[in-house]
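**Q** Please find the sequence and the predicted model below.
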Amino acid sequence: MPGKNTKILATVGPASADNNTLRALVEAGADAFRLNFSHGSHDDHRAVCQRIRALEESLGRPIGVLIDLQGPKLRLGTFAEGGVTLARGDRIRFDLDPTPGDATRVSIPHPEIIAAVGPGHVLLIDDGKMRLKVVAKDEGVLYMEAQTDGRLSDRKGVNVPDVALPLSALTAKDRRDLAFGLELDIDWVALSFVQRAADLVEARELIGDRALLMAKIEKPSALQDLDAIIELADGIMVARGDLGVELPPEDVPGLQKRIVRLCRRAGKPVVVATQMLESMISAPTPTRAEASDVATAVFDGADAVMLSAETASGRYPAEALAMMSRIIASTEADPLQRQLMEAVAADPRETSTDAIGTAIRAVAATLPLSATVAFTASGATALRIAHQRPRSPILGLTPSQAVARRLCLVWGVRSRRSPDACAVEEIVSVALEHCRNEGLTVPGQAVVVTAGVPFGTPGSTNLLRLAWPAGSGA
């Protein structure tokens, strides 16, 4: 959607993997696509990625692709009869014996859980539908007491909210998926179930500079190391699904605001995800509460909002995307949105790039600006200018298609591929030409042009020029 600053990340699945639906999603406002490696085969993901790249070529604009690694999934074993029903106060034993379980015992094939927890700790089963407390522990055995009525059944997921488990965020499956994804020339990697900053170090060693790394905040233990995680990640995703399972639901809104605020101060892109328009999986319109939820993320200045099952498996993928675009547009048009967004002050670094960004804000307070054009080799210039949340559109011009795609998740940046310029007058001419092509020129309003001299050198942003389109009378 022309003019929106908050980006939309749409999940691809059976409901949206065909060419026509992918195109409809982009035309409705999708800026990047998420490939969820918890589902689908490598062949499925390769085919989708090829369709996205063909669509990108057809539309003449970059489209970001993010792969979301499954991470360590903790599950119960199986039951001889598929499951058992427990009442509050009933006891059951969790052990390492793979034999199918019954009403007295069942396997939990994760010795790490047994080693890490003890009496008083709570295990949540099936997204928190069942809650069991550890009442005693022996070697390789946990004695559990049901805290709620409900049913335990085969292979249901297990959440352990109270402790940090000695597990890597990268399983053997994740490593295979990551190697495959990097071969597809994707742009972002989302790391699931991050517990500590060290998890990012391990992933970074495998990724190198071939993609940007996004940490998903969905474990309470990650909150204890949040500053370090934000520092090491290229971006953050507030994954409210699992976070809402392991924490009281009433705590999640405040945590979301805290994480968004910290990311904005650090200048790191932040995505708010999960259940944003959940009812549109099966209904053509959202609830008013869901619309308000999306708007809250926009008011806070999040870089992007995400659709999950709404576009992956829902009945109305294009309608959900169009609805999210309309909510963003309406919210960004509200004067209160900028007031609330600007209540979070950016923390400028002692760099020439941030000095330029601060200068742009000062110029905008004096002159009406139609656009800010950032020539960027690595994407850092456009990212740091976006960090300031300027009022004028940001056009990020880069010779690198990979950089242009990565910027698709950054607030306010329209990224386009453009050859390197060789002289100051040339970059002004190229900037104005791109602005005209994008419909960003306004008579009588200046365009701010930023670049680094010497040209094409990452981290050298040191030039700010004001330019007026021909015939503007300025």
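**A** Nice, thanks for sending it over.
**Q** helix or strand right after the lowest-mean-pLDDT helix or strand in the chain?
**A** Lowest by mean pLDDT, DSSP states H and E among the helices and strands of the chain is helix 352-366, with a mean of 80. Moving toward the C-terminus from helix 352-366, the next helix or strand (DSSP states H and E) is strand 369-375.
**Q** For the least confident helix or strand of the chain, name the packing helices and strands.
**A** For helix 352-366, the helices and strands in contact under the criterion 3 or more CB pairs under 8 Å, 6 or more residues apart in numbering; DSSP states H and E are helix 380-387, strand 446-452, strand 461-467. Every C-beta, even on glycine, is put in place using the N, C-alpha and C of the backbone.
**Q** Turn those into CSV, including mean pLDDT, distance to Ile108 and mean neighbour count.
**A** Below are these laid out as CSV (pLDDT from 0 to 100; distance: least, CB to CB, whole Å; neighbours: other CB atoms under 10 Å):
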stretch, mean pLDDT, distance to Ile108, mean neighbour count
helix 380-387, 90, 43, 26
strand 446-452, 89, 55, 25
strand 461-467, 84, 53, 18
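**Q** Could you pull up the mean pLDDT of the lengthiest helix in the chain?
**A** Counting residues, the longest helix found in the chain (DSSP state H) is helix 42-59. For helix 42-59, mean pLDDT is 98.
**Q** Can you pull the domain assignment for this protein?
**A** 7-72+168-334, 83-159, 352-467 (automatic domain parsing).
**Q** Out of the ones you listed, point me to the one whose mean pLDDT is lowest.
**A** domain 352-467 (a mean of 87).
**Q** where exactly do the helices run in the stretch 151-300 of the chain?
**A** For the stretch 151-300 of the chain, applying DSSP state H, counting those that start in this stretch gives helices covering 172-183, 197-207, 220-223, 226-232, 240-246, 252-266, 288-299.
**Q** Let me have those in a markdown table, extended by distance to His39.
**A** Putting those into a markdown table (distance: least, CB to CB, whole Å) gives the following:
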| stretch | distance to His39 |
| --- | --- |
| helix 172-183 | 11 |
| helix 197-207 | 21 |
| helix 220-223 | 23 |
| helix 226-232 | 26 |
| helix 240-246 | 14 |
| helix 252-266 | 24 |
| helix 288-299 | 23 |
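**Q** what's across from Val448 in the sheet?
**A** Per DSSP bridges, the residues bridged to Val448 are Thr372, Leu466.
**Q** which residues sit in contact with it?
**A** Ile360, Val363, Ala364, Leu369, Ala371, Thr372, Val373, Ser392, Leu464, Arg465, Leu466, Ala467 (CB atoms under 8 Å, 6 or more residues apart in numbering).
**Q** With respect to Gly235, which of those is nearest?
**A** Set against Gly235, the nearest of the contacts of Val448 by CB to CB is Thr372 (21.3 Å).
**Q** That closest one against Ile385, yeah?
**A** Yes: Thr372 is within contact range of Ile385, at 6.1 Å (criterion: CB atoms under 8 Å).
**Q** circling back to that earlier point, so can I have TSV of the helices and strands packed on helix 352-366 showing distance to Leu213?
**A** What follows is the helices and strands packed on helix 352-366, written out as TSV (distance: least, CB to CB, whole Å):
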stretch	distance to Leu213
helix 380-387	14
strand 446-452	25
strand 461-467	23
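**Q** out of those, nearest to Asp174?
**A** Asp174 sits nearest to helix 380-387 of all the helices and strands packed on helix 352-366, at 26.6 Å, using CB to CB.
**Q** would you put the C-alpha positions of the closest one in CSV?
**A** Output of helix 380-387 as CSV, limited to C-alpha atoms (Å, rounded to 0.1, in the frame of the first residue of the first chain):
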residue,chain,number,x,y,z
ALA,A,380,22.9,0.9,7.6
THR,A,381,22.3,4.5,6.5
ALA,A,382,18.6,3.9,5.7
LEU,A,383,18.2,1.9,8.9
ARG,A,384,19.6,4.6,11.1
ILE,A,385,17.6,7.3,9.4
ALA,A,386,14.5,5.2,9.8
HIS,A,387,15.5,4.9,13.5
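**Q** Mind listing residues that contact that helix?
**A** The contact list for helix 380-387 (CB under 8 Å, 6+ apart) reads 264, 267, 269, 303, 346, 351, 353-354, 356-357, 360, 372, 374-376, 394, 396, 398, 407, 410-413, 415, 450-452, 458-459, 461.
**Q** out of the helices and strands packed on helix 352-366, which comes closest to Asn36?
**A** Checked against CB to CB, the stretch from those lying closest is helix 380-387, at 25.4 Å.
**Q** Kindly state the beta-bridge partners for Val189.
**A** Applying DSSP bridges, one finds that Val189 bridges with Ile67, Leu213.
**Q** for it, what are its contacts?
**A** Taking CB under 8 Å, 6+ apart, we find Val189 in contact with Leu66, Ile67, Leu69, Leu178, Gly181, Leu182, Ala203, Ile207, Ala211, Leu212, Leu213, Met214.
**Q** can you list the residues that contact stretch 281-292?
**A** By CB under 8 Å, 6+ apart, the residues outside stretch 281-292 that reach it are 276-280, 309-310, 313-316, 319-320, 323, 327.
**Q** let's go with 10 Å and repeat that
**A** Contacts to stretch 281-292, defined as CB atoms under 10 Å, 6 or more residues apart in numbering, come from residues 15, 275-280, 293-294, 299, 307-317, 319-320, 323-324, 326-327, 330-331.
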